[in-house]
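K.L.:
pasted the sequence and its predicted model underneath.
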Amino acid sequence: MKRSFQSDFRHRGRASEAASQSQSQPQLQSQSHRSDAGWRTSGIGRVAGAALSLLLLGAGAATLAPGAAQAEEIGSVRTHFKITGSDRVVVEAYDDPLVPGVTCYVSRARTGGIKGSLGVAEDPTEASIACRQTGPVSFAGPLPQQTDVFSERLSFIFKTLHVVRIVDRPRNTLVYLTYSDRVVTGSAKNGVSAVPIPANQKIPVK
C-alpha cells in the first residue's frame, strides 16, 4: 500500500507538471508573437517617420536667412500637361528687404507630377531675372558688398536657386545675379540684372 501510494503520488505530480508546461507554451508563443508584431510595427513606424522627415526636409521650402527676401508667385504658364500636376514656368517677385523700392522678378521652370506635388522633383536650373525700381528707393542700413538675398531648394537635396545682390560702388548701381548650384558640380547657367541708383543717393556699404 505504501509503495502504491508513493507511485500514485509521483504519477500525479508528473501529470500536473506536464499540464502546467502545456499551458505555459501558448502563453509564451502569444507573448513572442506580440513582441515580434510590436518590433515590426515599431520598425515600420521608424521607417515611415524617417521618410516623412526627409520629405519635409526636401519639400521645396524656401531657405531664408535673417533679412532675406521672400518669393511671391505672381503668374505662371503651363508647358507640359500632367493629370497629377503640370510642368510650369512661374514668375516670382522678390522685394529686396534691405532696399525698399527695388523688386526682382525671376522666371523659372517648376516640375509637376506626383514628385512635384511632394516637393521631391528636381526642377531645371534655367532661370531669368529682371530687377526694377518699383518705388522710392531707401536703404535699411549699410549693405554688404555681396550677399545672398534669397535661396530656395530646387530638388530633394541637390540644387539651390540663389539671388545674389552685388554693389557696384563706382557706378552707384545694385547688381542682382541669379544662378543655381549643386552639391557636386554646380551650374554655369545664370542671369543678371542691374538697378542704377540716382547719383545724389549714394549706396551705403559696410
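P.N.:
Nice, I can see it.
K.L.:
contacts, neighbours, all on C-alpha from now
P.N.:
Will do.
K.L.:
now V90: closest residue in space that isn't a chain neighbour?
P.N.:
Of all residues not flanking V90 in the chain, S76 sits nearest, at 4.1 Å (Cα to Cα, 6 or more residues apart in numbering).
K.L.:
that neighbour belongs to a strand?
P.N.:
Yes - when classified by DSSP: H, G, I helix; E, B strand; the rest coil, S76 is found to be part of a strand.
K.L.:
OK, contacts around it?
P.N.:
Under the criterion of Cα atoms under 8 Å, 6 or more residues apart in numbering, the neighbours of S76 are R88, V89, V90, V91.
K.L.:
from those residues, pick the one nearest V192.
P.N.:
Nearest to V192 among these, counting by Cα to Cα, is V91 at 15.7 Å.
K.L.:
rebuild the contacts of S76 as TSV, extending it with pLDDT and distance to R171.
P.N.:
Listed next are these as TSV, based on pLDDT from 0 to 100; distance: Cα to Cα, whole Å:
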residue	pLDDT	distance to R171
R88	73	37
V89	84	33
V90	86	32
V91	90	29
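K.L.:
tell me which of those residues fall in strands.
P.N.:
R88, V89, V90, V91 (DSSP state E).
K.L.:
can you pick the most crowded of those residues?
P.N.:
V91 (20 neighbours; other Cα atoms under 10 Å).
K.L.:
my guess is L161 meets I129, correct?
P.N.:
No - L161 lies out of contact with I129 (Cα atoms under 8 Å); the separation is 11.7 Å.
K.L.:
what about the closest residue to V89 other than its chain neighbours, which SS state?
P.N.:
Distances taken as Cα to Cα, 6+ apart place A109 nearest to V89, at 4.3 Å, with adjacent residues excluded. Secondary structure, three-state DSSP: A109 is strand.
K.L.:
which neighbours do L161 and I129 have in common?
P.N.:
T178.
K.L.:
just the pLDDT for T84.
P.N.:
Turning to T84, the model gives it a pLDDT of 51.
K.L.:
for V205, that is, sorry about that
P.N.:
pLDDT, V205: 97.
K.L.:
need the contact list for it.
P.N.:
V205 is in contact with P142, L143, P144, Q145, V167, counting by Cα under 8 Å, 6+ apart.
K.L.:
how is the chain divided into domains?
P.N.:
Domain assignment for the chain by automatic domain parsing gives 1-57, 62-196.
K.L.:
worst average pLDDT in those domains?
P.N.:
Looking at the domains of the chain, the bottom one is domain 1-57 with a mean of 47.
K.L.:
what's around the closest residue to I203 other than its chain neighbours, how many residues?
P.N.:
Nearest non-adjacent residue to I203, counting by Cα to Cα, 6+ apart: N172, 6.3 Å away. Close neighbours of N172, defined as other Cα under 10 Å, add up to 18.
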